[in-house]
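# A structural model of the following input is requested.
(one chain, ligands or ions: 2)
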Amino acid sequence: MQKLFDEVNSLDKRCYEKFFLSEDLLMEHAASSMALYISENYLHLNSILIVCGSGNNGADGITLARLLHTKFNVKLFLASSPKSPISELQLKRVEALGLEIVDALSPADIIVDCLFGTGLNKPLNEDSINIINTLNSYDSIKIACDIPSGINNIGQVESIAFEADITITMGALKTSLFTDLAKDYVGEIIVANLGVQRNLYEVESNKYLLEASDMKLPFRNKKNAHKGTYGHLNVIVGSKRGAGIIASKAAFGFGTGLLSVISKEDLDLPYHIMQTDTISENCTAIAMGMGLGKYDKEEIRKLLNTDIPKIIDADLFYDELICEFLDKEIVLTPHPKEFCSLLKLCKITDIDVIELQNNRFKYVEEFSKKYPKIVLLLKGANVIISQNEKLYVNTFGSAVLSKGGSGDVLSGLIGSLLAQKYKPLDAAISASLAHTLAARKYSKNNYSMIPSDLVEEIRRL
Ligand SMILES: NC(=O)C1=CN([C@@H]2O[C@H](COP(=O)(O)OP(=O)(O)OC[C@H]3O[C@@H](n4cnc5c(N)ncnc54)[C@H](O)[C@@H]3O)[C@@H](O)[C@H]2O)[C@@H](O)CC1
Ligand SMILES: [K+]
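Numbering: from 1, shown residues only. Ligands and ions are numbered 1, 2, ... in the order given. Model prediction:
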């Protein structure tokens, strides 16, 4: 996993003091890293349009123009005149070299957006919106310098943002690049080296970006094993029984040795899935909440009171009963609307889904601060998992998963790993990664996947 930072100004300042690297030097390294990336990947192309604003993001762009002008046909466009001392200096340097500064936008093979970086602190004016709209309309390779212009420092897009194919971000990964709202704009994200090794540039953080290598699949190492070695998951199937059945099928394919569904109705299940009406004696994990529908509160309270590891989803996030159990180490997997209900029930805040989506990290942090033992998995385009005020982001999800039943598969996967004795946080992380990485492997198209296809892909991971 890689660290994420809510702000990097303090990291830049630390570089000036700790490593004696001036702002000028950091900027030179930032632009060199971008120039290297562009030269290594696009030397076969000819023209580059670099669009610069008045701050240091613009100064990065002016510096880049100087570094690339011998290799490409560089067109430098200044959307407004430089305001910071360093950007004035960078402009002097390119003027002295006689670089062309163009006074209108025109298409180019590559566009580099250096309008606004981390300094965007007010809504875009009409001019900026027009520039971004024009750039977005070009059929070019689109590269954002540091952050696509229009995304603010908490990852919100108020009106419009540059639609990058690649974002080359300076020094370290910023949290703002990983919100759901930023997902359609950032493209591939690359970190530019600022002349300091990344591990020296970075300090401690409570937020992490998950990588595929963080997924620990439940491979079996023992030779002397039997089905009981790999746990026994109990899935509580409610009145909307499809959800529990989907979860059960996913769970069985993800390694739990035994699986029983608890249901009062007679369900037509595959023969390897057992059915009973009470919790199994050797149960090692419970998955509940999905499709619960109408239920007996006392029975659910009894189940919640057991010490067996649990994953809880869906309907239970609308019942204040859940608040009695938030001091336990259980896994909760709400989608945004369910999380809003949970935040309200546990008296953190009363917000709607729009407010939550605008500030996902903030509300997950607040929840985790109040309930540090809970493993929370907030569903979304970029899943956020938290425990103990540490946040982990999974960005591998894609629209292929935006379907009824996907969440039930996830509950089954988490339940399966819990049954196999994964720690709750590890179960949530590995299951979430398996869920999203498997969905990426579905190759037919991005709209037709159904839960059984997803389960098939997960079984092939
Ligand atoms: N500080 C450093 O040492 C380094 C900074 N770097 C670059 O510097 C950038 C940050 O520079 P700045 O802090 O100057 O900020 P920006 O370059 O992002 O822009 C800030 C400027 O735009 C104005 N502005 C903000 N929002 C506006 C809006 N909506 N409409 C019109 N004008 C608006 C501000 O008043 C300010 O003049 C980073 O994103 C990065 O690209 C890099 O060169 C790496 C080193
Ligand atoms: K930018």
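# for the closest residue to Cys145 other than its chain neighbours, give me its contacts.
Residue nearest to Cys145 in three dimensions, not counting chain neighbours: Cys114, with 4.3 Å by C-beta to C-beta, 6 or more residues apart in numbering. (C-beta placed from N, C-alpha, C; glycine too.) Cys114 sits next to Ile50, Val51, Cys52, Gly53, Asn57, Gly58, Asp60, Gly61, Ile62, Leu64, Cys145 when contact means C-beta atoms under 8 Å, 6 or more residues apart in numbering.
# can you give me phi and psi for Cys114?
phi -130, psi 40 (degrees, to the nearest 10).
# which secondary structure elements does the longest helix along the chain contact?
Counting residues, the longest helix found in the chain (DSSP state H) is helix 23-42. Counting contacts by 3 or more C-beta pairs under 8 Å, 6 or more residues apart in numbering; DSSP states H and E, helix 23-42 packs against helix 9-18, helix 56-68, helix 85-97, strand 110-114, strand 141-145, strand 166-170, strand 188-192.
# just those: most buried one?
Ranked by mean neighbour count, those are led by strand 110-114 with a mean of 29 (mean count of other C-beta atoms under 10 Å).
# do it and ligand 1 meet?
No: contact of strand 110-114 with ligand 1 (C-beta under 6 Å from any ligand atom) is absent, the minimum separation being 7.2 Å.
# need the mean per-residue confidence for that strand.
Averaged over strand 110-114, pLDDT sits at 98.
# now do that strand: distance to the chain's middle.
What separates the centre of strand 110-114 from the centre of its chain is 24 Å, taken as C-alpha atoms, centre = their mean, to the nearest Å.
# who does that strand pair up with?
Within its sheet, and counting by DSSP bridges, strand 110-114 is paired with strand 47-52 (parallel), strand 141-145 (parallel).
# angle of the shortest one against helix 56-68?
Calculated by axes from the mean of the first three to the mean of the last three C-alpha atoms, to 10 degrees, strand 141-145 forms an angle of 120 degrees with helix 56-68.
# format the CA atom coordinates belonging to strand 141-145 as CSV.
Extracted in CSV, the C-alpha atoms of strand 141-145 (Å, rounded to 0.1, in the frame of the first residue of the first chain):
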residue,chain,number,x,y,z
ILE,A,141,-3.2,12.8,-24.9
LYS,A,142,-4.2,14.8,-21.8
ILE,A,143,-1.8,15.1,-18.9
ALA,A,144,-2.6,16.9,-15.7
CYS,A,145,0.2,18.5,-13.7
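# may I see the strands paired with strand 110-114 arranged in TSV, with distance to ligand 1 and mean pLDDT as well?
Below are those laid out as TSV (distance: least, C-beta to the nearest ligand atom, whole Å; pLDDT from 0 to 100):
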stretch	distance to ligand 1	mean pLDDT
strand 47-52	9	97
strand 141-145	6	98
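# adding distance to ligand 2, write those out as a markdown table.
A markdown table is the format used below for those (distance: least, C-beta to the ion, whole Å):
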| stretch | distance to ligand 2 |
| --- | --- |
| strand 47-52 | 9 |
| strand 141-145 | 5 |
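# and of these, who's closest to Gly171?
With C-beta to C-beta as the measure, strand 141-145 is the member of those nearest Gly171 (12.5 Å).
# any weak-confidence spans in the stretch 101-250 of the chain?
Across the stretch 101-250 of the chain, nothing is flagged by pLDDT under 70.
# hang on, isn't Ser176 packed against Pro148?
No: checked against C-beta atoms under 8 Å, the pair Ser176 and Pro148 is beyond contact range at 10.0 Å.
# more neighbours, the two?
Set side by side, Ser176 and Pro148 show more neighbours around Pro148, with 27 against 24, by other C-beta atoms under 10 Å.
# spatially nearest residue to the more buried one (excluding sequence neighbours)?
Pro148 sits nearest to Phe162 (C-beta to C-beta, 6+ apart), 4.1 Å away.
# who are the contact partners of that neighbour?
By C-beta under 8 Å, 6+ apart, the residues touching Phe162 are Asp113, Leu115, Ile132, Leu135, Asn136, Lys142, Ala144, Pro148, Ser149, Gly150, Tyr185.
# helix or strand for the last one, which one?
When you say that, I think you mean Tyr185. Using DSSP states H and E, Tyr185 sits in helix 183-186.
# may I see the buried residues of that helix?
Lys183, Tyr185, Val186 (16 or more other C-beta atoms under 10 Å).
# what about that helix and ligand 1, touching?
No: residues of helix 183-186 are not located near ligand 1 by C-beta under 6 Å from any ligand atom, the shortest gap being 13.9 Å.
# so what does that helix touch, helix or strand wise?
Partner elements for helix 183-186 (3+ C-beta pairs under 8 Å, 6+ apart): none found.
# is there proximity between it and ligand 2?
No: contact of helix 183-186 with ligand 2 (C-beta under 5 Å from the ion) is absent, the minimum separation being 10.5 Å.
# heads up, I number from 9, so please use that
In the new count, where the first residue is 9, that last one comes out as helix 191-194.
# alpha carbons of that helix, as PDB, please.
The C-alpha trace of helix 191-194 is given here as PDB (Å, rounded to 0.1, in the frame of the first residue of the first chain):
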ATOM      1  CA  LYS A 191     -12.600   9.300 -10.400                       C
ATOM      2  CA  ASP A 192     -13.800  10.300 -13.900                       C
ATOM      3  CA  TYR A 193     -11.000  13.000 -14.200                       C
ATOM      4  CA  VAL A 194      -7.700  11.700 -12.800                       C
END
